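Peer 1: Next come a sequence and a model predicted from it.
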Amino acid sequence: EEEEEEEGTWEEKFKTHTDSKPYGPSSVGVDISFPGVEHVYGIPEHADSLALKTTKSGDPYRLYNLDVFEYELNNPMALYGSIPFMLAHNWSKTVGVFWHNAAETWIDITNSAADRNLLGKLMSYFKSEEEVPQTDTHWISESGIIDVFILLGPRPHDVYRQYAALMGTPPLPPLFSLAYHQSRWNYNDEQDVENVQVGFDDHDIPLDVVWLDIEHTDGKKYLTWDSAKFPTPEIMQDKLAKKGRKMVTIVDPHIKRDGNYHIHSEAESKDLYVKKSDGSGVYEGWCWPGTSSWIDFLSPSVRQWWAERFSLENYKGSTLNLFTWNDMNEPSVFNGPEITMYKDARHYGGWEHRDVHNIYGMLQQQATAEGHILRSGGKERPFVLSRAFFSGSHRFGAVWTGDNEASWDHLKGSLPMLLSMSAAGLPFVGADIGGFFKNPDPDLLVRWYQAGAFYPFMRAHAHLDTRRREPWLYDADKTAIIREAIRRRYELLPLWYTIFREAYTTGLPVIRPVWLEFPRDKNTYEMEEQFLVGNSLMVRPVTEQYATSVQLYLPGSSLVWYDCDDYKPYNGGSRHSIDAPLNKIPVFQRGGTIVPKKLRIRRSSALMANDPYTLVVALDAEGEAKGRLYIDDGHSFDYQKGTFLLREFTFSQNKLTSSAAETSGSYVTKSWLERVIVVGISDTPTSVQISSSAGTSELMFSFDSNSKVLTIRKPGLNIAVDFTITVRSS
């Protein structure tokens, strides 16, 4: 007697949608256990805690790229991107697991410590031996094969080097992309764009990039311009470029089905679209332009065609100062199941969409980035922002956390989201400053700018229906604080650029969970309200309304940390209450590090290229410190040919030395050393000398005996020169 087939075996319904299953039901799964481990991290994107929670009494974590409207916090639901990479960590080891599968994936997590019932917890008090914790994970994907990579560490840095060997490291982004970006849906026309950039200049606030959302196009046809609102786009971009600024326009993957639209006509005639389930015709759905079809980025030849659309000849009105934002690329289909594409739609090679769903957005970002490179003859670095992502997206540009809202909870929630993405190997990440939906109150906006100044990607963005929120539209005191937060970002651009170069060479995250740098400190394992920029700065954003102080944990019992505002020292290995009035960003420099800065803030980062550097030398308990500074032209690929500087700074025995960290690189720069600030110096200096190939000379200095801060003025040497500064004390 034949067994009765289970409902949904060959066809499945979701509301009004039907998903055919020509190959029948399928799934692949594996159980992976981590003995001795209580804490696991990664598998973004979820609006949830950094340390992943047990799912025993709730839903598993879901990886399925979706356009989620006003997403919920503290929820394992799927969001815009998916990285099936998990890290398991305890005090003695760190391991990584990469589940190589682009289909819809679910991960269940159970933890022997977290999941014990009350009786079990009571019984543990009577046991003679401490119970060994264990985290068990169950991975299941709708289709594909079992393709799992285990990265054995054993240290956190080792795992990232291993992951980088597997997936590649992120390329060095153009310097402007690390500066401040101003966006909204939408700046209305060319005059509006001009007014915005003039507003930044008039209020002495630096700005590098102005963004245009979908309304800049001709009827939401991408790679076009609304000729009434933006009649001279090249002139508009040139006006920005004269002040060292760039522009970004949005280019989504859905193409308006309009016979008069050249992109659609060519895609249709060349058979470049995703197909219906039976392969007989083009898949159609609804998105911003109305009836649309979707470019099939799975095809290498289609990606090449897409890249060629960004040439100056093909993208009319574009210049080399125009960059790209790929949104809605989960892909978002307004009339599709869960607002996305049917799983049985067909791609290049006969692949069903269900098999490749989570890589669709990454492939669009890849093709767009290749277009940027192609249009410059391979000379200039691309910049592409994508909402959807997968493992490997770090090779093609930046991502952000999507459509957040203007609330204190979303400000607070941005930190574990960004740290989870960073921990999973995606370093160039940010969240919309101020929140995309709704209107932030002035205090919330201020605090968000302060936090956003320490996001790897710093962009303010807002919904069409929100009030305008350029920084000068608030009371003068609020504008002044926002100005200072943005200027802080520009001041630290040399540090950010140096850390991104480290990511390029090692795969290490740019912003880091505290446990990553202090892997044996159990106090850090669930810490998500503070984070590290590289290994030198501890940042504790204020994310609570009305807060005038924060609690901060500074790790390292033998370390000293210094408040970056007044250089007051704090002992490591303990918690501190830090005053945080509205104009205060709690940031602390780790003793033993040297941070490069540029203190002459100009209209844009490009205008600061030849400006001098300041070195902040924060001494450890032994009176020593070290740090690096990376310099290149900030925009080309010449760094890959050895046109760069990597300087090594070391302070020991009252001597600061500068030498080449990598002799394989060389670069001519006009920047010089303007100032050295030595923090935590114990004895009163009597003289300061600098020695180089040009000879030895005395330097001017001042010393604050109360704060123990020595300021050395105008060493004057080019930053590329080897030198030694000697501090003599009485």
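Peer 2: Now that the structure is in, tell me what you want to look at.

Peer 1: Can you name the residues bridging to the closest residue to residue 293 other than its chain neighbours?
Peer 2: In space, and not counting its chain neighbours, residue 293 is closest to residue 273: 4.4 Å by C-beta to C-beta, 6 or more residues apart in numbering. C-beta coordinates here come from the backbone N, C-alpha and C atoms, glycine included. Following DSSP bridges, residue 273 is listed with bridge partners residue 295.

Peer 1: what's the burial count for residue 273?
Peer 2: 22 (other C-beta atoms under 10 Å).

Peer 1: And for residue 534?
Peer 2: 23.

Peer 1: which residue is nearest the middle of this structure?
Peer 2: By C-alpha atoms, centre = their mean, the mean C-alpha position of the chain lies nearest to residue 429, the distance being 1.4 Å.

Peer 1: Please report the distance of it from residue 469.
Peer 2: According to C-beta to C-beta, to the nearest Å, residue 429 and residue 469 sit 22 Å apart.

Peer 1: Also residue 46?
Peer 2: 27 Å.

Peer 1: try residue 172
Peer 2: Where residue 469 is concerned, residue 172 sits at a distance of 32 Å (C-beta to C-beta).

Peer 1: looking at this, residue 447 is in a strand?
Peer 2: No. Using DSSP: H, G, I helix; E, B strand; the rest coil, the assignment for residue 447 is helix, not a strand.

Peer 1: Now for the nearest residue to it once chain neighbours are set aside, how many residues are close by?
Peer 2: Leaving aside its chain neighbours, residue 447 sits nearest to residue 542 (5.2 Å; criterion: C-beta to C-beta, 6+ apart). A count of nearby residues for residue 542, using other C-beta under 10 Å, gives 27.

Peer 1: I'd say residue 542 and residue 586 touch.
Peer 2: Yes. Assessed by C-beta atoms under 8 Å, residue 542 is found in contact with residue 586 at 7.2 Å.

Peer 1: Quick one: residues contacting residue 37.
Peer 2: Neighbour list for residue 37: 88, 89, 90, 133, 134, 135 [criterion: C-beta atoms under 8 Å, 6 or more residues apart in numbering].

Peer 1: Off-centre distance for stretch 540-549?
Peer 2: For stretch 540-549, the distance from its own C-alpha centre to the chain's C-alpha centre is 23 Å (C-alpha atoms, centre = their mean, to the nearest Å).

Peer 1: Could you do stretch 101-113 as well?
Peer 2: 24 Å.

Peer 1: same question, stretch 180-195
Peer 2: For stretch 180-195, the distance to the chain centre is 23 Å (C-alpha atoms, centre = their mean).

Peer 1: what do you get for stretch 715-730?
Peer 2: Relative to the chain's own centre, stretch 715-730 is displaced by 35 Å; criterion: C-alpha atoms, centre = their mean.

Peer 1: who touches it?
Peer 2: 612-613, 629, 631, 645, 647, 654-660, 667-676, 678, 681, 683-694, 699, 710, 712.

Peer 1: Just the buried residues of it, please?
Peer 2: For stretch 715-730, a neighbour-count test (16 or more other C-beta atoms under 10 Å) marks 715, 717, 719, 720, 723, 725, 726, 727 as buried.

Peer 1: which of those sit farthest apart?
Peer 2: 720 and 727 (22.6 Å; C-beta to C-beta).

Peer 1: can you pull out the strands in the stretch 251-400 of the chain?
Peer 2: Using DSSP state E, counting those that start in this stretch, the strands of the stretch 251-400 of the chain run over residues 254-256, 285-287, 290-294, 322-326, 384-386, 398-400.
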